[in-house]
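Undergrad: this one's structure only:
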């Protein structure tokens, strides 16, 4: 991989050189939906990909996602909690289990 491509995410260039896509490419992808966190409804829902604190860009595609991180790396706070909120606001059907009770005991604001 070329050194200048290190700052990007998951795209393949015309010369078959894989690289990471930049934030503008992700925002313009066909499966990405932008959600204002202050709105009461969502045009779609999915895994949060990019956020500036007020606007969250989520992957609205029907895919599986694996989130891996060490204990205390904010997996619940940064991925699970927003995902559940966006599913609820978008009127999606879902089942959520919390065997360690992270959402209930640590995040009572929800």
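TA: Perfect, thanks for sending it. Treat the numbers as computed from the prediction; the structure is a model and nothing was measured.
Undergrad: gap between the residue most central in space within the chain and residue 62?
TA: By Cα atoms, centre = their mean, the chain has its centre lying nearest to residue 48, at 1.6 Å. To residue 62, residue 48 is 16 Å away according to Cβ to Cβ, to the nearest Å. (Each C-beta comes from the backbone N, C-alpha and C, glycine too.)
Undergrad: what does residue 36 give?
TA: Per Cβ to Cβ, residue 36 is found 23 Å from residue 62.
Undergrad: what segments of the protein are strands?
TA: 10-12, 18-20, 32-36, 47-51, 55-59 (DSSP state E).
Undergrad: reformat those strands as CSV; add distance to residue 86 and mean pLDDT.
TA: Output for these, formatted as CSV (distance: least, Cβ to Cβ, whole Å; pLDDT from 0 to 100):
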stretch, distance to residue 86, mean pLDDT
strand 10-12, 22, 53
strand 18-20, 24, 73
strand 32-36, 6, 89
strand 47-51, 8, 87
strand 55-59, 6, 89
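Undergrad: can you check which of those gets nearest to residue 79?
TA: Closest of the strands of the chain to residue 79 is strand 47-51, at 6.5 Å (criterion: Cβ to Cβ).
Undergrad: direction included, what does the closest one pair up with?
TA: strand 55-59 (antiparallel) (DSSP bridges).
Undergrad: any residues touching the helix or strand just after the strand it pairs with, and which ones?
TA: Where DSSP states H and E defines the elements, the next helix or strand beyond strand 55-59 is helix 75. For helix 75, contacts defined as Cβ atoms under 8 Å, 6 or more residues apart in numbering pick out 67, 69.
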